[in-house]
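> Prediction below, plus the sequence it came from.
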2 protein chains.
Amino acid sequence: MTVRGLPQGAVPRLERPGPLRERVYEALLELITTRALRPGQHLVESELAAQLGVSRQPVREALQRLNTEGWVDLRPAQGAFVHEPTEEEADQLLTVRTLLEAEAARLAAASAGPSGVEALEELCARGERAVLADDVDGAVAANAEFHAKVMELAGNTVLAELAAQVDRRVRWYYTPVARQRGKQSWIEHRELIAAISDHDEQRATAVMRAHTEHTRRTYHERERD
Amino acid sequence: MTVRGLPQGAVPRLERPGPLRERVYEALLELITTRALRPGQHLVESELAAQLGVSRQPVREALQRLNTEGWVDLRPAQGAFVHEPTEEEADQLLTVRTLLEAEAARLAAASAGPSGVEALEELCARGERAVLADDVDGAVAANAEFHAKVMELAGNTVLAELAAQVDRRVRWYYTPVARQRGKQSWIEHRELIAAISDHDEQRATAVMRAHTEHTRRTYHERERD
DNA sequence: TATGAGTAAACTGTAGACAATAGCCAATCC
DNA sequence: GGATTGGCTATTGTCTACAGTTTACTCATA
């Protein structure tokens, strides 16, 4: 007899601890993105290990991964430092993000079905509600989900993984900015949905490009404050 | 007194062996790309460590990095397996490569100066000579350098790093193919140089897109053999 | 006071040892 | 006879210890 007969979810799939390095990785990433760990800060393995209640090994492994993904700089024989984004790098990152998101929009327009469009509209409505309710966190979350959904509809896993990384870093650099862009952002989302619904690849690309480009402009305007 | 007055590179920065994990990483990557380690093969840490004459630790760290970059799959509590590329994934990867290279071409066209164009022509000539001499390895190398140079002229570090990763994996998947595309490839390169020299962003994008697209077609034609 | 060597502390890089887990095969029970 | 259970083996996950570097500081000296 196999397990097949059991009702799904009868066994709560008792949550596996998973490799420690994973959890350390996520914990550190959380600390970095929330700026509990500041850019330029020296991360000492033994300190982190003690603080997290694990040995140095998992911490090392997590730091190495963070290094390859650009979150920390690993200077040999000296240790890990939280990456300090430069203006130039932030701009380059936005360029890449624009590129990836625009391609995702194009692919989504090419292949998305009615159910996909519907899901996008649902998310869009949720975002608009959040904006109206001045629920900033909710709006940001809905925004992330919206973009993720577009990426999913594009159906390109490689593209999605790259975009996920780039996106998270962009969000880190631009956290002060993201909160400013409210209503306008969702109007643009509506346009994007329309383009995808029409299977108009060119328009979808253009709209998404303009959309992310607006974010960049908002960022540079911030400089004047 | 600061170091600022010193000419760049006056100090040869006496080269250190560098961390073991780096060398292990490169060694393993070499073994994978040359297919000495076959896709799907189980990589046992202790074996690799013994074979390379180091302890398990650097091997682990190298494997983790290879994992995040998509070269090996790391199944928990079971070990590392050389990644097995699927048809679909290869195709998606090519799509992304096309995208990144095309953007690089556009940026290069926007900002490249005469010296950059000259460097490209030099590389192009070298590639053509290699093709005429039936020097396949030389031609492949020149090709890689050509694309790298375009990327350099684009002046976007983030884009360059992403493209470098994607490129290397593409070359891994398509090694049997790359060798077939000889003369035609360099004609297209010439066109690209012309577009860059003219600062014609649109044409540069289009040429590069067509160029990488040809590679994909060649790949799918291979299926018929 | 400025300079330089010398020294000590802190941290990383590497190695080796132990514990935990998944996979496999044989023995056992219905 | 087939499935299940129990133990065995191989391999990974984690921890501890030690060696090698780098940095910062102290103190003697010109």
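Sure, I can see it. Residues are numbered from 1 along each chain as shown, chains lettered A, B, ... in the order given.
> I'd like to check which residues are in contact with the nearest residue to A:Ala105 once chain neighbours are set aside.
In space, not counting the residues next to it along the chain, A:Ala105 is nearest to A:Met208; the distance is 3.7 Å by Cβ to Cβ, 6 or more residues apart in numbering or on different chains. Every residue, glycine included, has its C-beta placed from N, CA and C. If you count contacts by Cβ atoms under 8 Å, 6 or more residues apart in numbering or on different chains, A:Met208 has them with A:98, A:101-102, A:104-105, A:150, A:192.
> do that again at 7 Å, thanks
With contacts taken as Cβ atoms under 7 Å, 6 or more residues apart in numbering or on different chains, A:Met208 has the following neighbours: A:101-102, A:105, A:192.
> Can I take it that it is in a strand?
No. The assignment for A:Met208 (DSSP: H, G, I helix; E, B strand; the rest coil) gives helix, which keeps it out of a strand.
> Any idea which residue is closest to the centre of chain A?
Note on chain A: the residue nearest the mean C-alpha position is A:Arg168, at 3.5 Å, using Cα atoms, centre = their mean.
> Excluding covalently adjacent residues, which one is nearest to it?
On the basis of Cβ to Cβ, 6+ apart, the spatially nearest residue to A:Arg168 that is not a chain neighbour turns out to be A:Thr33, at 7.3 Å.
> Let me know how buried the one you found is, in neighbour terms.
Under the neighbour criterion other Cβ atoms under 10 Å in any protein chain shown, A:Thr33 is assigned a count of 15.
> A:Glu128 versus that one, what's the distance?
26 Å (Cβ to Cβ, to the nearest Å).
> for A:Glu61, same thing?
When Cβ to Cβ is the yardstick, A:Glu61 and A:Glu128 sit 42 Å from each other.
> and what of A:Pro39?
Between A:Pro39 and A:Glu128 the computed distance is 34 Å (Cβ to Cβ).
> So for these two, which residue has more residues nearby?
In terms of neighbours (other Cβ under 10 Å), A:Glu128 is the more surrounded of A:Pro39 and A:Glu128; the figures are 19 against 14.
> which residues of chain A fall in helices?
A:20-33, A:45-52, A:56-68, A:87-111, A:114-132, A:136-154, A:157-173, A:175-178, A:183-197, A:201-222 (DSSP state H).
> what does the first one rub up against?
This means helix A:20-33. Under the criterion Cβ under 7 Å, 6+ apart, residues A:37, A:52, A:54, A:58-59, A:61-62, A:65-66, A:71, A:82, A:172 lie in contact with helix A:20-33.
> ok, now the fifth one?
Contact with helix A:114-132 is made by A:138-139, A:142-143, A:145-146, A:149, A:153, A:182-183, A:186, A:189-190, A:193, A:196-197, as judged by Cβ under 7 Å, 6+ apart.
> still on that earlier bit, what about the residue nearest to A:Arg168, distance to DNA strand C?
To DNA strand C, A:Thr33 is 21 Å away according to Cβ to the nearest atom of the strand, to the nearest Å.
> for A:Pro39, same thing?
Using Cβ to the nearest atom of the strand, we find A:Pro39 at a distance of 17 Å from DNA strand C.
> List the residues that contact that residue.
Residues counted as contacts of A:Pro39 (Cβ under 7 Å, 6+ apart) are A:82-85.
> Provide the backbone phi and psi angles at it.
For A:Pro39, the backbone dihedrals are phi -60, psi 140 (criterion: degrees, to the nearest 10).
> pLDDT score assigned to it?
pLDDT, the model's per-residue confidence, is 93 for A:Pro39.
> before we move on, what about the one 4 residues further on?
As predicted, A:Leu43 sits at a pLDDT of 92.
> Neighbours of it, how many?
Neighbour count of A:Leu43, defined by other Cβ under 10 Å: 19.
> Identify the bridge partners of it.
According to DSSP bridges, the partner residues bridging A:Leu43 are A:Ala80.
> That one against A:Ala80, yeah?
Yes. Taking Cβ atoms under 7 Å as the contact criterion, A:Leu43 and A:Ala80 are neighbours in contact, 4.3 Å apart.
> what residues are shared contacts of these two?
Common neighbours of A:Leu43 and A:Ala80 are listed as A:63, A:72 (criterion: Cβ under 7 Å, 6+ apart).
> what sits against the closest residue to A:Leu93 other than its chain neighbours?
Of all residues not flanking A:Leu93 in the chain, B:Val158 sits nearest, at 5.1 Å (Cβ to Cβ, 6+ apart). With contacts taken as Cβ under 7 Å, 6+ apart, B:Val158 has the following neighbours: A:89, A:92-93, A:96.
> now those residues in CSV, with neighbour count, pLDDT and distance to DNA strand C?
What follows is those, written out as CSV (neighbours: other Cβ atoms under 10 Å in any protein chain shown; pLDDT from 0 to 100; distance: Cβ to the nearest atom of the strand, whole Å):
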residue, neighbour count, pLDDT, distance to DNA strand C
A:Glu89, 17, 93, 23
A:Gln92, 20, 94, 27
A:Leu93, 24, 94, 26
A:Val96, 23, 96, 28
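> which one of the residues you listed sits closest to chain B?
Minimum separation from chain B among the contacts of B:Val158 (Cβ to the nearest Cβ) is found for A:Gln92, which lies at 4.3 Å.
> Who are the contact partners of the closest one?
For A:Gln92, the set of contacting residues under the criterion of Cβ under 7 Å, 6+ apart consists of B:156-159.
> For those, which entry has the maximal number of neighbours?
Taking other Cβ under 10 Å as the neighbour criterion, B:Asn156 ranks highest of those with 25 neighbours.
> Need the phi and psi values for it.
Dihedral pair for B:Asn156: phi -120, psi 100, per degrees, to the nearest 10.
> Was I right to think it contacts B:Leu107?
Yes. Counting by Cβ under 7 Å, B:Leu107 is a contact partner of B:Asn156 at 6.0 Å.
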